[in-house]
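Peer 1: Just to be clear, the model below is a prediction. Sequence and coordinates:
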Amino acid sequence: MDKLAINGGPKAKPTPFHMPNRYGEEELAMLREVVESGRLMGPGGKVREFEEQVAKFFGGGHVVMVTSGTTALNTGLAALGVSEGDEVITTPMTDIGTVAAILMLHAVPIFADIDLETRLISPSSVRERITERTKAIITVHMAGLPCDMDEFLRISDDTGVRILEDCAQAHGGKYKGRYLGTIGHASGFSMNESKQMSCGDGGFVMTNDEDTARVATLFHDKTYQRDPSIPRGQEPIPFFGMNYRPSGLQAAVGLAQLNKLPFVVSRRDAIVKRYYEELSDLPHLDLPAICDGGEPSWWPLASRYTGEIPDRSELVAAMRAEGVTMSTGMSPSNNILRTELISRKRFYALTDKVPSFWQDTVYDPDSCPNVDELQRTVMRLPVDQRYTDEDIDQTILAMRKVWQHFFGNA
Ligand SMILES: Cc1ncc(COP(=O)(O)O)c(C=O)c1O
């Protein structure tokens with residue numbers, strides 16, 4: 001095997017990953033349609049068309065398009081009846097948007113640990129944290145890996161707690177033949193640019209329940225009914241709602257991206273299958289376990305380095321020198337229990353004042369050790385539908401080269 005690139009040898013991956021623009025003629029055609037219609041504002045118009053097409057893709061149900069994944073989760077929780085002082089259990093290994101969605105309702109985020117093998121929120125840890133105040137659980141299908149939804153539905157049946165699926169990273173993934181996002185009581189998706197489908201920024205809420213859909217529709221649009229038969233001045237305003245309306249421009253791009261989703265999911269699956277087939281024999285490399293019946297919608301593959309010597313940073317530096325960037329964080333904020341927001345309950349930017357709904361909550365920063373362990377050991381392998389077969393050949397070659405250098409022949 002060649003000398004490592006970090007020691008002056010040739011790179012295993014001499015050319016950059018193939019990353020052409022993910023937007024093209026399809027998006028432009030949809031944008032042209034909406035611009036020419038003279039109506040950019042939702043609801044209705046292109047936004048309605050997007051909601052109908054998404055519902056059709058997922059096999060029915062109700063869809064409300066919103067401005068982000070965070071506002072989708074916020075709207076979903078509001079529509080499930082979460083209110084001030086309720087506890088909502090989720091994982092501290094997620095995007096901070098999951099937690100912001102809870103706090104916006106003056107509800108209390110409670111953190112359950114993950115299973116190290118699946119990388120996902122652990123049903124048994126969730127059970128341990130249920131109290132009489134628990135109103136909802138947010139199952140985060142992190143990195144596109146499906147949570148074991150039968151276990152969570154069982155918890156819901158036993159306790160009456162509602163399930164909101166965080167599908168921000170899981171578009172098109174399945175569990176026992178059903179799309180993620182159609183299994184819990186409601187779900188929230190993100191369409192920011194890092195996602196399997198993107199409209200720059202955007203999101204949507206999905207539910208099979210008509211009442212939940214009705215509240216979500218009202219909540220995301222300041223509770224306006226948008227009913228032309230209601231005379232101006234007589235809008236009822238039945239409760240508090242935000243303005244989370246996306247524009248028709250976002251919906252237009254979202255529609256074009258929806259059509260590309262099946263390709264995105266299947267191409268990513270083909271790439272990750274190669275990683276499993278061609279890297280599973282490497283020592284000290286742990287690839288995520290997939291729950292029974294799970295069909296992930298892959299995201300950068302959350303592999304773990306389980307050795308101690310060399311240090312993970314040495315392997316990552318060697319991989320980077322070979323031309324393959326591996327990231328060592330699951331999300332921007334790693335363990336959310338250790339953020340200032342949670343550890344100091346810093347709700348406001350400019351004052352230390354803790355709002356009354358949050359005053360009694362005590363967080364133990366060490367209460368989710370598997371999250372810390374995952375963050376300490378994770379090395380994410382690159383996954384994107386745009387990569388060529390050669391990109392993957394070279395990535396696998398780089399892994400095997402670096403591993404052979406440090407660990408000899410497996
Ligand atoms: C798991 C998860 N939940 C929630 C969000 C929030 O989505 P957005 O950034 O669209 O608000 C994200 C996005 O980064 C995410 O990855």
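Peer 2: That came through, no problem. Residues are numbered from 1 along each chain as shown.

Peer 1: hey, what's the residue in the stretch 201-350 of the chain positioned nearest to the ligand bridged with?
Peer 2: Distances between the stretch 201-350 of the chain and the ligand by Cβ to the nearest ligand atom are smallest at residue 203, namely 5.3 Å. C-beta coordinates here come from the backbone N, C-alpha and C atoms, glycine included. Here residue 203 sits in beta bridges with residue 66, residue 190, going by DSSP bridges.

Peer 1: ok now do it, which residues does it touch?
Peer 2: Contacts for residue 203 (Cβ atoms under 8 Å, 6 or more residues apart in numbering) come out as 65-72, 168, 188-191, 246.

Peer 1: following the longest helix belonging to the chain, which helix or strand comes up?
Peer 2: Longest helix in the chain, counting residues (DSSP state H): helix 248-279. Sequence-wise, the next helix or strand downstream of helix 248-279 (DSSP states H and E) is strand 285-286.

Peer 1: looking only at pLDDT, what's the mean for that next one?
Peer 2: The predicted model gives strand 285-286 an average pLDDT of 98.

Peer 1: And for stretch 164-174?
Peer 2: 98.

Peer 1: what about it, start to end distance?
Peer 2: One end of stretch 164-174 to the other measures 16 Å (Cα to Cα, to the nearest Å).

Peer 1: what do you get for stretch 168-188?
Peer 2: First residue to last in stretch 168-188 (Cα to Cα) measures 7 Å.

Peer 1: for stretch 51-67, same thing?
Peer 2: 13 Å.

Peer 1: From the chain's centroid, how far away is it?
Peer 2: 18 Å (Cα atoms, centre = their mean, to the nearest Å).

Peer 1: Report the buried residues of that stretch.
Peer 2: Buried residues in stretch 51-67, defined by neighbour count with 16 or more other Cβ atoms under 10 Å: 51, 53-54, 57-58, 61-67.

Peer 1: re earlier: ok, of the contacts of residue 203, which come out buried?
Peer 2: Burial by neighbour count, 16+ other Cβ under 10 Å: within the contacts of residue 203 this picks out 65-72, 168, 188-191, 246.

Peer 1: Please produce JSON lines containing those residues, extended by distance to the ligand.
Peer 2: Shown next, in JSON lines, are those (distance: Cβ to the nearest ligand atom, whole Å):
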{"residue": "65", "distance to the ligand": "12"}
{"residue": "66", "distance to the ligand": "9"}
{"residue": "67", "distance to the ligand": "8"}
{"residue": "68", "distance to the ligand": "3"}
{"residue": "69", "distance to the ligand": "2"}
{"residue": "70", "distance to the ligand": "3"}
{"residue": "71", "distance to the ligand": "7"}
{"residue": "72", "distance to the ligand": "7"}
{"residue": "168", "distance to the ligand": "3"}
{"residue": "188", "distance to the ligand": "7"}
{"residue": "189", "distance to the ligand": "9"}
{"residue": "190", "distance to the ligand": "3"}
{"residue": "191", "distance to the ligand": "7"}
{"residue": "246", "distance to the ligand": "11"}
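
Peer 1: Can you pick out the most distant pair from these?
Peer 2: For the buried ones among the contacts of residue 203, the farthest-apart pair by Cβ to Cβ is 168 and 246; their separation is 15.4 Å.

Peer 1: okay, now the domains of the protein?
Peer 2: 5-18+261-330+372-407, 25-259 (automatic domain parsing).

Peer 1: Hmm, residue 18 and residue 388 touching each other?
Peer 2: Yes - using Cβ atoms under 8 Å, residue 388 is in contact with residue 18, at 4.8 Å.

Peer 1: picking up where we left off before, what helices or strands is the longest helix of the chain leaning on?
Peer 2: Helices and strands touching helix 248-279, by 3 or more Cβ pairs under 8 Å, 6 or more residues apart in numbering; DSSP states H and E, are helix 25-37, helix 45-57, strand 62-66, strand 301-305, helix 389-407.

Peer 1: The second one vs helix 248-279, what angle?
Peer 2: Note on geometry: by axes from the mean of the first three to the mean of the last three Cα atoms, to 10 degrees, helix 45-57 and helix 248-279 are set 30 degrees apart in direction.

Peer 1: Quick check: mean pLDDT of helix 45-57?
Peer 2: Rounded mean pLDDT across helix 45-57 is 97.

Peer 1: Span of stretch 191-211 from start to end?
Peer 2: End-to-end distance (Cα to Cα), stretch 191-211: 25 Å.

Peer 1: In that stretch, which residues are buried?
Peer 2: Buried residues in stretch 191-211 (16+ other Cβ under 10 Å): 191-192, 195-199, 201-209.

Peer 1: from those, which is closest to residue 113?
Peer 2: Of these, the one sitting nearest to residue 113 (Cβ to Cβ) turns out to be residue 195, at 25.6 Å.

Peer 1: Ramachandran angles for that closest one?
Peer 2: Main-chain torsions, residue 195, degrees, to the nearest 10: phi -90, psi 170.

Peer 1: what do you get for the one 3 residues further on?
Peer 2: Backbone geometry at residue 198, expressed as degrees, to the nearest 10, gives phi -140, psi 140.

Peer 1: can you pull the pLDDT of it?
Peer 2: For residue 198, pLDDT reads 98.

Peer 1: Distance-wise, check it relative to residue 27.
Peer 2: 10 Å (Cβ to Cβ, to the nearest Å).
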